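Visitor: Pasting the sequence and the predicted coordinates here, then a few questions.
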Amino acid sequence: MATAAAKGPADACYMLLHPNLDVETPNLQTLRRNLERGTDEIKAEALQQVITGTLQGENYEQLLMHIIRFVMPTRNKSLKKLLLFYWEVCPKYAADGTLKHETILICNALMNDLQHPNEFIRGATLRALTKMREAEILEPLIGPVRDCLEHRHAYVRKNAVVAISSIYRSQPQLIPDAPELIHAFLSAEADMTCRRNALNMLTLNAPAVAVQWLQENAQLAASFDELLQLAVIELIRRSAQGFAAQKGLFVRCIFDMLNAPASSVKYEAATTLVGLTANPAAIKAAASCYITLASKESDNNIKIIVLGRLDQLRTRHEGILDDLVMDLLRVLATPDLDVRRKALSIVMKLTTRRNVNDVVSMLKKELNKTVDNSDYDKSSDYRLLLIQTIHTCAGQFPEVAADVVDLFLSSIAEFGSSSASDAIVFVREVAEKFPALRTSIVTHLVSSFLEFKTGRVIRGALWILGEYAESASEIRDVWTKLREAIGELPLLAAEQREALEGASGLAEDAASQTTASAPSASRRVLPDGTYATESSLTVNAQSTIKLDTKPPLRAVLLHSDFFTGTVLASTLAKLVLRYSALADVATSDEGKSRLNALRAEAVLIMAGIIRIGQSNFVTTPIDEDSYDRVLACIRALEHMDEDSEVLTDAFISDTQNAFTRLVKGEAARADAEAKKTKSERAVQVDDAIGFRLLAKKGSVASEDNDDLDRDAEVAAGTADSGSRLAVSKLDSVVQLTGFSDAVYAEAYVEVNQYDILLDIMIVNQTNTMLRNLSVEFSTLGDLKLVEKPTSYNVAAFSFSSVKASIKVSSTETGVIFGTIVYDGPGTSDNHCIVLNDIHVDIMEYIRPARCDESQFHAMWTEFEWENKVNMATTREAAENLDLRAYLKHIMKATNMACLTPENALAGDCGFLSANLYARSIFGEDALANISIEKPTDDSPITGHIRIRAKTQGIALSLGDKISAAKVSLSAE
């Protein structure tokens, strides 16, 4: 069952009943017999068939008198309700355009039902009158309808108000005093539902009378029922432009309803208040109401919607809501992570130098709560979110960086892996931005280094210590702590000795296992056909290495984490080079001897890393890159005396300069995005000024008061955007059949967020009527047909329009295919036309997005679907195309954003590698890594792109887009 919405106030709104295709359509004789002689159940079934056939275009005018004679006198309430539906759809006009004589009987029946003692029948009849527009039928019924306003039952009275409202809109001459009548009714009525309907009637038809009533009852607005308060808010919203003199009254009423007990009233009142005035006090009051709703409502969806409204309010009124940031932090008590993320994003935009200390203090308390409640499933995710927020806050306001660093360094050992990694990245960035904090950061890291357990945190700490430990005392303290974290030297010899000490215990265990497993043997057939028994001794490689008791650096090396080993080697080389550059070391014998000792010990540790990696104590041997890196550090210390300046530049100056450029590049990118957002909202000098009082409805100046109407239009897909030009609409037209087919069909495909609307034009190109024509659709992919189009008749050489709505549930290239089925002139003539496929483009749902490096790598490791696309261009296509231009071409084709900083892509090089990221409107992430090369200017561009996603559809669809972009570039 579907409902066709009315296009205007004078259009009827009909209810469409989908026919049951399994039941054969009865003929006129059968329907006439069932209506005359059947029971109430048979008559009801026959009347349903008549209503359905009439809606489908069947001619059942001959049955009108039979229904009046044999069905209308019934006392069955279900049958009477069906009769009301039939009076709505039955043909009431003759061929000459005059009203049929039988309608007098219909009018008499409606009058009797309006005076029926049963309130249900009266109310149903009153509701049926709202669908009728014929003045000849409505005129005799005006008296009984007015009498129903005084009925004892509220159900009858509220439907009488609706009926009077409908009659007044369609035929105002029949009841010219309707506004005064309803005004008097509204003043005397006690039932809130009836009062709501009456006020809605006055709001739509006589706003001046409604405003007059509001003036009389403004003091009581706060005590009204929820339904009546919503009606008052709707009155104010609609009348704000036409009754500007009453703006003060409207604002007072809205202010009173901000404290209403109903959440819906609070939300609507806050939204309307923002449209009424831009006064800072009103804006703060509306924002406080939003915050209260977000804090107290239990539904997370409502919280997110309210926070979205609050963010829009913040965007329009910069600086006014800054004082409410601490109130907004109360929303963090919600356990839902999405609500917390939305609230923290708004908090960061409201944070200023005046309230940053309070915000950081509150966030630190929340962070400590997550550490105490580590058993909670989502505490690690919330902790990571808090760390990222504090990181951003400290980056924007340097005065709180010192306190935040102390908090992170004191609690980093208690964080999880991802949270600790993000915290150490923040500490590294603070150490680069604020040189005055480097000494305290190094001291904190040295004191808590032995508590670090994960390789990523240890690598970050090692890099900071090697980069910012500059004085002799700091270098000695760092070196002592690293020796303690490594353990006994040499590495391999110490492990071998421990293994030998535990050999006797291992032999006993092996002997017991051998005795237990001796009976197990298997019989095999030899090549000559004889049998042989094969037995084997399997000794479990019971590890004698108890890694939990090992020092942290030794433990990660025995875990085959040789990347950390390379960072350790690089840190040791930096410390030795930095120690050798100190003035007192070069001039004193003690300093030289200490330098040689550090140098020898560093080489011993590096050699131990390589030997451990080549031994049987690790599950995975050392890789070639790590081996070369550690060996390069050993050779650097070996030739330190000859090439000290070159090595100092390579190990110390270049690495620090590279990180400095990276930090500055990220800051520049953030500033550029902020300036871009600010410039988009800025009002230019020569922009037109819109006066709301002088603007017509729908213009720019009246936008603020029509937010709800505009949101409804967008949700329904009927919003008329200025960018939606006729040319762009023609691009979305898909031809479904050929010009020589009996039925020509084409569809306009409109993608509206989560829905696809198909507007199909059907043209009958034959000289006969096509009966029971229907368009049947099927979908491939995550597409779902919301409602099936109904069947109908199409006259010769005429056309018709069919609409179909399809729900999209994920980002995946889908296909819509279908057929047109219709009956020919004969009873057994069935025809079918296969339609062309409609392909849904994935680019309609992909949006460029950004994430930090740690999040990208975490998702890259987590996502299991990968699609690798090889790239190769022709020489002609690559002649005037460099690698960065090719990257931009891929980004434009895939709607993805480049996460690699611009300074990393700068310079002349024959190789380019970059990370790309995008997010769908459904929250699905898409990752890509592009690696391409162009050795010479005249050589083609070759390489590959690896795409990773959580679902197979995104990975395959993006791969198809990249392949199409590659082909189009080659064709050019």
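Guide: Alright, I've got the coordinates. Numbers count the residues shown, from 1 in each chain.
Visitor: Quick check: which element contains the closest residue to Met132 other than its chain neighbours?
Guide: Spatial nearest neighbour of Met132, chain neighbours left out: Leu138 (6.3 Å); criterion: CB to CB, 6 or more residues apart in numbering. In this view, the C-beta of every residue, glycine as well, is placed from N, C-alpha and C. When elements are assigned from DSSP states H and E, Leu138 belongs to helix 135-138.
Visitor: Dump that helix to CSV, keeping only the CA atoms.
Guide: What follows is helix 135-138, C-alpha atoms only, in CSV (Å, rounded to 0.1, in the frame of the first residue of the first chain):
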residue,chain,number,x,y,z
ALA,A,135,-19.1,21.8,-3.2
GLU,A,136,-22.5,20.2,-4.0
ILE,A,137,-21.8,17.3,-1.6
LEU,A,138,-20.2,19.4,1.1
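Visitor: Just the buried residues of that helix, please?
Guide: For helix 135-138, a neighbour-count test (16 or more other CB atoms under 10 Å) marks 137-138 as buried.
Visitor: Show the subsequent helix or strand relative to that helix.
Guide: Downstream of helix 135-138, the first helix or strand assigned by DSSP H and E is helix 142-148.
Visitor: Quick one: distance of that following helix to the chain centre.
Guide: 52 Å (CA atoms, centre = their mean, to the nearest Å).
Visitor: now do the same end-to-end measure for stretch 145-161.
Guide: One end of stretch 145-161 to the other measures 9 Å (CA to CA, to the nearest Å).
Visitor: and for it, what are the contacting residues?
Guide: Residues from elsewhere that reach stretch 145-161 (CB atoms under 8 Å, 6 or more residues apart in numbering): 114-115, 119-120, 122-123, 126-127, 129, 163-164, 167, 175, 181-182, 185, 189, 191, 193-194, 197-198, 201.
Visitor: Can you flag the buried ones in those?
Guide: The neighbour-count test (16+ other CB under 10 Å) marks 114, 119, 122-123, 126, 129, 163-164, 167, 175, 181-182, 185, 189, 193-194, 197-198, 201 as buried among the contacts of stretch 145-161.
Visitor: Let me know the pLDDT of the residue lying closest to Ala581 once chain neighbours are set aside.
Guide: In space, Ala581 comes closest to Thr648 once its chain neighbours are excluded; the distance is 6.6 Å by CB to CB, 6+ apart. pLDDT recorded at Thr648 is 83.
Visitor: distance of Thr648 from Thr874?
Guide: Thr648 is 47 Å from Thr874, where distance means CB to CB, to the nearest Å.
Visitor: And the two? Which one has more around it.
Guide: Thr648 (18 against 13; other CB atoms under 10 Å).
Visitor: Would you mind giving the secondary structure of the more buried one?
Guide: In the three-state summary, Thr648 is assigned as helix, counting by DSSP: H, G, I helix; E, B strand; the rest coil.
Visitor: my guess is it contacts Lys574, does it?
Guide: No: using CB atoms under 8 Å as the test, Thr648 is too far from Lys574 to be in contact (9.3 Å).
Visitor: average model confidence for stretch 631-640?
Guide: For stretch 631-640, the mean confidence score works out to 90.
Visitor: could you give the mean pLDDT of the helix or strand containing Asn596?
Guide: Applying DSSP H and E as the criterion places Asn596 in helix 589-613. Averaged across helix 589-613, pLDDT comes to 88.
Visitor: how about stretch 246-265: buried residues?
Guide: Within stretch 246-265, the residues scored as buried using 16+ other CB under 10 Å are 246, 249-251, 253-258, 260, 263, 265.
Visitor: residues of the helix or strand that the helix holding Asn596 is followed by that come out buried?
Guide: Taking DSSP H and E as the definition, the helix or strand that follows helix 589-613 towards the C-terminus is helix 624-638. Across helix 624-638, burial judged by 16+ other CB under 10 Å covers 626-627, 629-630, 632-634, 636-637.
Visitor: Pick the one among those closest to Thr30.
Guide: Thr30 has its nearest neighbour among these in Ser626, at 87.9 Å by CB to CB.
Visitor: what's near enough to touch that closest one?
Guide: Residues near Ser626 by CB under 8 Å, 6+ apart: 562-563, 565-566, 613.
Visitor: Now do the helices in the stretch 401-550 of the chain.
Guide: Assigned by DSSP state H, counting those that start in this stretch, the stretch 401-550 of the chain shows helices spanning 401-411, 417-433, 438-448, 455-468, 472-486, 491-501, 503-517.
Visitor: Show me what the fifth one packs onto, helices and strands only.
Guide: For helix 472-486, the helices and strands in contact under the criterion 3 or more CB pairs under 8 Å, 6 or more residues apart in numbering; DSSP states H and E are helix 438-448, helix 552-558, helix 562-580, helix 589-613.
Visitor: for that helix, the distance to its chain's centre please.
Guide: Computed by CA atoms, centre = their mean, the chain-centroid distance of helix 472-486 equals 48 Å.
Visitor: how about the CA coordinates for that helix, as CSV?
Guide: C-alpha atoms of helix 472-486 as CSV (Å, rounded to 0.1, in the frame of the first residue of the first chain):
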residue,chain,number,x,y,z
ALA,A,472,77.0,15.1,28.8
SER,A,473,75.0,14.3,31.9
GLU,A,474,71.9,13.6,29.9
ILE,A,475,73.8,11.4,27.5
ARG,A,476,75.3,9.4,30.4
ASP,A,477,71.9,9.0,32.1
VAL,A,478,70.4,7.8,28.8
TRP,A,479,73.2,5.4,28.2
THR,A,480,73.0,3.9,31.7
LYS,A,481,69.2,3.4,31.3
LEU,A,482,69.6,1.8,27.8
ARG,A,483,72.3,-0.6,29.2
GLU,A,484,69.8,-1.5,31.9
ALA,A,485,67.1,-2.0,29.3
ILE,A,486,69.3,-4.2,27.2
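Visitor: Give me the buried positions along that helix.
Guide: Residues 472, 474-475, 477-479, 481-482, 485-486 are the ones in helix 472-486 that count as buried (16+ other CB under 10 Å).
Visitor: With distance to Glu366 and pLDDT added, can I get the residues you listed in TSV?
Guide: Shown next, in TSV, are the buried residues of helix 472-486 (distance: CB to CB, whole Å; pLDDT from 0 to 100):
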residue	distance to Glu366	pLDDT
Ala472	41	87
Glu474	34	90
Ile475	38	90
Asp477	33	91
Val478	33	91
Trp479	38	92
Lys481	31	91
Leu482	34	91
Ala485	32	90
Ile486	37	90
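Visitor: Tell me the one among those residues nearest to Leu384.
Guide: Ala485 (25.7 Å).
Visitor: which residues touch that closest one?
Guide: 449-450, 551-554.
Visitor: which of these lies closest to Leu99?
Guide: Using CB to CB, Pro552 comes nearest to Leu99 of those, at 94.3 Å.
Visitor: Relative to Arg238, how far out is the closest one?
Guide: To Arg238, Pro552 is 69 Å away according to CB to CB.
Visitor: Looking at these two, which one has more neighbours?
Guide: Ranked by neighbour count (other CB under 10 Å), Pro552 and Arg238 place Pro552 first, with 23 against 17.
Visitor: That one contacts Phe452, correct?
Guide: Yes: judged on CB under 8 Å, Pro552 makes contact with Phe452 at a distance of 5.8 Å.
Visitor: what do those two both touch?
Guide: Shared contacts of Pro552 and Phe452 (CB under 8 Å, 6+ apart): Ile458.
Visitor: On the three-state scheme, Ile734 is what?
Guide: No Ile there; residue 734 is Val. Classification of Val734 by three-state DSSP places it in strand.
Visitor: How about the contacts made by it?
Guide: By CB under 8 Å, 6+ apart, Val734 lies in contact with 746-749, 836, 838.
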